[in-house]
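Q: curious how this folds, go ahead:
(chains A and B)
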There are 2 protein chains.
Amino acid sequence: MGVGMIFSHEYYMKMALKEAFYAFEEDEVPVGALVICNNRIIGKGYNQTERLKDVTAHAEMIAITAASNYLGSKFLEDCTLYVTLEPCLMCAAALKWARIARLIYGASDPKAGYSLTKGKVLHPKTEVISGILEGECGSLVTEFFKQKRGK
Amino acid sequence: MGVGMIFSHEYYMKMALKEAFYAFEEDEVPVGALVICNNRIIGKGYNQTERLKDVTAHAEMIAITAASNYLGSKFLEDCTLYVTLEPCLMCAAALKWARIARLIYGASDPKAGYSLTKGKVLHPKTEVISGILEGECGSLVTEFFKQKRGK
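A: Numbers count the residues shown, from 1 in each chain, chains lettered A, B, ... in the order given. Below you'll find the model as predicted:
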């Protein structure tokens, strides 16, 4: 845990998972995200690309916009983003523009994760922690696609 | 000109430039974008990151969301995006998710353009044309930063 953090990464990731469940229930690829600043949730979101018919409506993008709106700042330099799945290139690049202090994700995304891209995608000052509740976060996505194929 | 196009690339880029001018007037980095489908503007936008205090509010993102809203589809497979400046990684990745048919931009962005990234960022089917009204598109950005430094 970092300085000033009163809750664990698992605590926040569970809340991000709750967001991901909302997506699952709405037949969206189940990804959820939170932005935390001073132990407070200042933005959250879940994937709504199908409902909104908008590729930009990823969980992270919604959470970033909400957090920036809350702070009245486009920079999230003192914030942490929790997300259940490794961000894609779009979301990672948005996190770079926002200069987020910390990115913490659950499961890796071997198909569309930003880390597939060579070179530095995130801001050099952004700290990354991965694998928090990896099993739960990943299973939710796997289960979603299994059900999709079954239909 | 592609099949079915009744207006030139320059014609549409001038309209994208008009959007960029709105950004300039509002003290935003002057970038403007349009999404065209069947010779019709179905989405447009200009950079509003400062006004909205939101890094995701790039001209292209706003235009993509507007176009998807118009079509009721997250895929823009028959659409062309015109933008005055080469898209950044966030916007290029959004265009990939949207499977845009064509990306046409004015000036290159040697600092934050997606083409700085090694590997394929756009969808393999996306056709790219650059350098349309490059001088006007680029000068607007240069002039903006010159005035900024002068202040």
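
Q: what pLDDT does A:Ile62 get?
A: Taken from the predicted model, the pLDDT recorded for A:Ile62 is 98.

Q: do the one 4 residues further on as well
A: Among the per-residue scores, A:Ala66 shows a pLDDT of 98.

Q: ditto for the one 4 residues further on
A: On the pLDDT scale, A:Tyr70 is placed at 98.

Q: what's the answer for the one 3 residues further on, then?
A: For A:Ser73, the pLDDT comes out at 98.

Q: tell me the contacts of the closest residue to it other than its chain neighbours?
A: Setting aside the residues directly before and after it, A:Ser73 is nearest to B:Lys53 in space (Cβ to Cβ, 6 or more residues apart in numbering or on different chains), at 5.7 Å. All C-beta atoms are positioned from the backbone trio N, CA, C, and that covers glycine. With contact taken as Cβ atoms under 8 Å, 6 or more residues apart in numbering or on different chains, B:Lys53 is in contact with A:68-69, A:71-74.

Q: again with A:Val83
A: A:16, A:31-34, A:59-60, A:63, A:91, A:103-106.

Q: just the buried ones from those, in PyMOL syntax?
A: Applying 16 or more other Cβ atoms under 10 Å in any protein chain shown to those, the buried members can be selected in PyMOL as follows:
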select buried, chain A and resi 16+31+32+33+34+59+60+63+91+103+104+105+106
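
Q: and the contacts of A:Val83, which is closest to chain B?
A: Nearest to chain B among the contacts of A:Val83, counting by Cβ to the nearest Cβ, is A:Cys91 at 8.0 Å.

Q: the helix or strand hosting that closest one near chain B at all?
A: A:Cys91 is located in helix A:89-97, with elements delineated by DSSP states H and E. Yes: legend: contact between helix A:89-97 and chain B by Cβ under 8 Å from any Cβ of the partner chain is shown at A:89-94, A:96-97.

Q: wait, A:Ser108 touches A:Ser130, no?
A: Yes: with contact defined as Cβ atoms under 8 Å, A:Ser108 and A:Ser130 form a contacting pair (6.5 Å).

Q: what sits in contact with each of these two?
A: Contact with both A:Ser108 and A:Ser130 is made by residues A:Glu86, according to Cβ under 8 Å, 6+ apart.

Q: quick check: angle from the helix holding A:Cys91 to helix B:89-97?
A: Helix A:89-97 runs at 170 degrees relative to helix B:89-97, counting by axes from the mean of the first three to the mean of the last three Cα atoms, to 10 degrees.

Q: by contact count, what packs against helix A:89-97?
A: In this structure, helix A:89-97 makes packing contacts with helix A:59-71, helix B:89-97, judged by 3 or more Cβ pairs under 8 Å, 6 or more residues apart in numbering or on different chains; DSSP states H and E.

Q: what's the closest of those helices to B:Phe21?
A: helix B:89-97 (19.4 Å; Cβ to Cβ).

Q: want to throw the contacts of B:Lys53 into TSV with neighbour count?
A: Supplementary listing: these in TSV, determined by neighbours: other Cβ atoms under 10 Å in any protein chain shown:
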residue	neighbour count
A:Ser68	25
A:Asn69	15
A:Leu71	18
A:Gly72	7
A:Ser73	15
A:Lys74	20
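
Q: can I get the residues you listed in CSV with distance to B:His9?
A: Output for those, formatted as CSV (distance: Cβ to Cβ, whole Å):
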residue, distance to B:His9
A:Ser68, 34
A:Asn69, 36
A:Leu71, 40
A:Gly72, 39
A:Ser73, 37
A:Lys74, 32
